[in-house]
Structures are given as C-alpha cells and as structure tokens.
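Enquirer: Below are the sequence and a predicted model; questions follow.
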Amino acid sequence: MKMAYHNLKANKLKSTKKFHKISTFLFLPIFLVSLISINAHAKKLSDYTPYNYDVLFTNPDCKEHTYKDPINSVKGKLIYNKPKNAYCKPEENKKVEEQKHTPFYRIKEWIRDPETKEIFMAYLSFSKKAIRDELCTAIKERGLKLTLIVDKNNKKRGMESLLDLKSCPAFRIGQDGISIPEVLTRGGEGRGKNKIGFAHNKLILINPHQKGKVKLAFSSGNMSNGTTTHHENWHFITTNSESYFFQSHLCLKKGLLDHASSIDVFTKFIKECRATIEAPEETDIKAFFVPAEGKEAMEALKSEMGHASEIRMATHRFSSKEIIASMDEALERGAHIQFVFDDDLYWTSKLKRGMGRNLYREAVHVDNLIQKGLKVKYIETFADSVFGARKVQLQHNKFLIFTGPMHDSYSVFTGAGNLTGAAFQKNFENFYLIKDPAVYFMFRLQYYKFWNDMGTAAEDMPERLVLP
C-alpha cells in the first residue's frame, strides 16, 4: 500500500510537469497557470515524513455494576445492572491504568521515550498522579524540560500537587544543568468583553523546538480521569516540524505563554504568527485556536452541517445557539441526526434541575430538538451521590461526525471545547476539522459502539435515579 501511494505520487508529479510544459507552449491564460501552481503546492499532513496519526478512545474495561434490587425501566422492563463499561467507579481507575492501547498508556510511552527531551502541556486541569509521577521521573533521570499551563482555578483545587513537580529535578553526571519545570496558570485575563474565560486547552507538544520529527497530542479529555475512565477521544500525531499544522501549534504555545493578557492581544498575535508560516496549510486537518479563531471554527462546523445528510454527535455541555439553529435547519431539510449525552442531561430534564455538570437550559434545548426529530441516547455514568455529587464519571467527548451524500463527503469536528457559546468566543480552546478517511472511519466505529453497545434510549432508562 505504501509503494502504491509513492507510485501514485510519482505519477501525479510527472503529470503535473507535463501539464506545465504544455501550458508553456500553448500560452495558457495567467489565471489558469496560477490555479495550477496553487494546486501543485497543496499538501496534506500525511504528505510529510515522518507521519503517524492514531485516534485512541478511553473505552474503559470495567466490571458490571448491579443494582441492589432490580428497578423498572421507563417502558416497564426490569433492569438489573448498569450498562457494562459505560458505568465505572473511581476504584477501577487503577485497573484501567494497567490496560494497554489506551490514551493513558500512550501518554506514558511518550514521556518515557528517551528521544523526548522537552514537553509543553496545556490543560484545564491536571490531577492524574500517575502521569505526574512519570514526568517527575523523566525530569530526574533525563533532565526533561517541562512547561505546563493549567486554568487559574486549579489554585483552588490541587495546585499544590502540580507545584510539587518543582521538587523533582536532581543534578546528574552528564547533565549540563538542572531542568526546573515551569507550572503556569492562565484564564480570566482582560476586562469586560475582552476578558478571557477558562484556559480550556487540551494539548501536548513533544520536542517543540526540535527540527524534523515532532509529536503532538490533542483531546477532549483533561490530564485527569480523562485519560482513563471518562469517555474521551485522544489524538496522537507524529509529524515534521516544518508542517503548517505543527508550526501553527507553536503559535498557540507562544500565544498562551506571552500573549494571553486579553482576547484582543491573543487574537492579534495568532493571526500575525500564522501569517509568517511559510508552509502551505494542509487540506486534511485544520486547527482553530479560540478566542482568536472562534468565528472561523463555528463557520467551518456550520458549513459541514449544512452539507451533511447524516450527523452523529457527542458532547458533554450543549448550549450554543448557533449550533442549535444549524441543527434545526438540518432536521428541517431531512438530515438524520443522532446525539450521545451523559445521562446527567437526561436526569436534568426529568427532575427539572441541574444534575452533575449539566444545566437545565441545556436539557430544554435537547428536548426541543427531540420533538423535531433528533435521535438521542445516554451514557449512564458514575456519581457518588444522586444530588451534590463530588466524584463523577463523565461522557466527556466533544465531536461531530459529518457524512454527505457523495462517497468522498465526510469529516470530523472535534477538540477541547464543548458545544457552548463560551467555547467558541471566550475560552482558550483548540478545535479541529479533520478530513482524513482513516480518522473518520475510527470515529464511525466508536459511534457504533456508543450507540449500539453502551448507550441507553430514553424508554430504556431507569424510571427513577438509583445508584448501584
């Protein structure tokens, strides 16, 4: 398959040269020559060497949790247990951490890799002790350089454990010096309409200042149980430092570090920084950095939704008026739309009050769309109490899978942000529009798993909220 790809690429190059030669002799119009030139320089991320793109879903392997007494479903059928692997308790995290081919395992591999000399991370929250310990070991044993950004609210919840990373460095023979981690906070800068919301990015950059081979990871999940038992999607990409995709993330890195004082300052820097990138922007994946590019991200999402005949969605929070209006239009023209939510949203609607991390107005939006034809299922997740839960497990994915009427009409929109107004206007977020057939296929497989194996339809939900 690799040889066939290279042959195809060689034939394309020969064809392009031949066409240019013919155009020279036939004196084609300048605008046509310009068009050919643009197309000849169009690139995909997969054109770069090296290249590897893995999508990993958490998909925790948990035991089946049984009710003390069977409970009736809404349609009157007895329910004996929560859906297996949808519902996971906190004590199962250790077991999930031992599973291979998971986001957690891949993150540890990347940290442990002797080639990893420097790591930049940006997350809303960072509470996974096992990952923190891996970083500490790498700092001590290899002099790993670490820069970590978290939301400022972490100062109120566990910042002390992150600052403990500063006690990890230890000078060893052969090291040029001691590498002291930087742990910084962002979010809330600026005033009024120029005020930034949460620092909600989810991002890892490996060896960001290295030439050639580099690595990048983005996700829906935080560096918490988002690596294990929350339901999340994680993207692990190996690429070349010269790619537009990676260079744009260096703009994001510098923006978060040095230009995060307000929405206007960040926006100005991101636009200027992108303009200096010499490589052409790739056609198979496009990144949007909010708040600088929230409008562009929303327009891309709405454009895909406007052309799709089938839309499959999953999110944690849902309140964007623009997305709701686009869904209204899509349903009206006959598009098939399926949505997977955390069961907190179901109970929010039934009990008419905020439940878990969801608000009542979100449930109202969903109920209105259901009346117009939206198909919905819920992932029944763990909470340590019915009301006022302190420990929760979440269906925390944020993605939309678009399928059009043509065989090559497909895409995935995903990233750090929820489907809310703030995620496209105020927060620090990183979103992605992906038009890679392999990535699309992986998301379709995952959605099948959610919808058919793990999701619960409204009529099959328990008639009352009882914990196993």
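Expert: Looks like it came in fine. This one's a predicted model, so the numbers in the text were calculated from it and none came from an experiment.
Enquirer: which regions of the stretch 201-350 of the chain sit below the pLDDT cut-off?
Expert: Low-confidence regions of the stretch 201-350 of the chain, defined here as pLDDT under 70, do not occur.
Enquirer: ranges for the strands of it?
Expert: If DSSP state E, counting those that start in this stretch is used as the criterion, the strands of the stretch 201-350 of the chain fall at 202-206, 213-219, 233-240, 285-290, 310-314, 336-342.
Enquirer: Pro437 is nearest to which of those?
Expert: If you check each of the strands of the stretch 201-350 of the chain against Pro437 by CB to CB, strand 285-290 wins as the nearest, at 12.2 Å. In short, each C-beta sits where N, CA and C put it, glycine included.
Enquirer: Describe which strands that closest one pairs with in its sheet and in which direction.
Expert: The strands that strand 285-290 pairs with in its sheet are strand 429-434 (antiparallel) (by DSSP bridges).
Enquirer: Let me see the residues that make contact with the partner strand.
Expert: In this structure, residues lying in contact with strand 429-434 by CB atoms under 8 Å, 6 or more residues apart in numbering are 200-203, 218, 235, 252, 284-291, 294, 297, 300-301, 304, 411-417, 423, 440.
Enquirer: Now do Phe441 against Asp343, distance only.
Expert: Phe441 sits 28 Å away from Asp343 when distances are taken as CB to CB, to the nearest Å.
Enquirer: between the two, which one's more packed in?
Expert: Here Phe441 and Asp343 are set side by side on neighbour count (other CB atoms under 10 Å), and the busier one is Asp343, at 26 against 13.
Enquirer: any idea what sits nearest that one, other than its immediate chain neighbours?
Expert: Ranked by CB to CB, 6 or more residues apart in numbering and with sequence neighbours excluded, the top spatial neighbour of Asp343 is Tyr378, at 4.2 Å.
Enquirer: burial of that neighbour, as a residue count?
Expert: Around Tyr378 there are 24 other residues, counting by other CB under 10 Å.
Enquirer: give me every residue that touches it.
Expert: The contact partners of Tyr378, by CB under 8 Å, 6+ apart, come to Val340, Phe341, Asp342, Asp343, Leu345, Tyr346, Gln395, Gly455, Thr456, Ala457, Ala458, Met461.
Enquirer: Do you know the pLDDT at Glu459?
Expert: In this model, Glu459 is scored at 98, pLDDT.
Enquirer: Would you confirm that it belongs to a helix?
Expert: Yes. Secondary structure of Glu459, determined by DSSP: H, G, I helix; E, B strand; the rest coil: located in a helix.
Enquirer: Look up how far Glu160 lies from it.
Expert: When CB to CB is applied, the distance between Glu459 and Glu160 equals 47 Å.
Enquirer: With Arg444 instead?
Expert: 43 Å.
Enquirer: Between these two, point out the one with more neighbours.
Expert: Arg444 (16 against 9).
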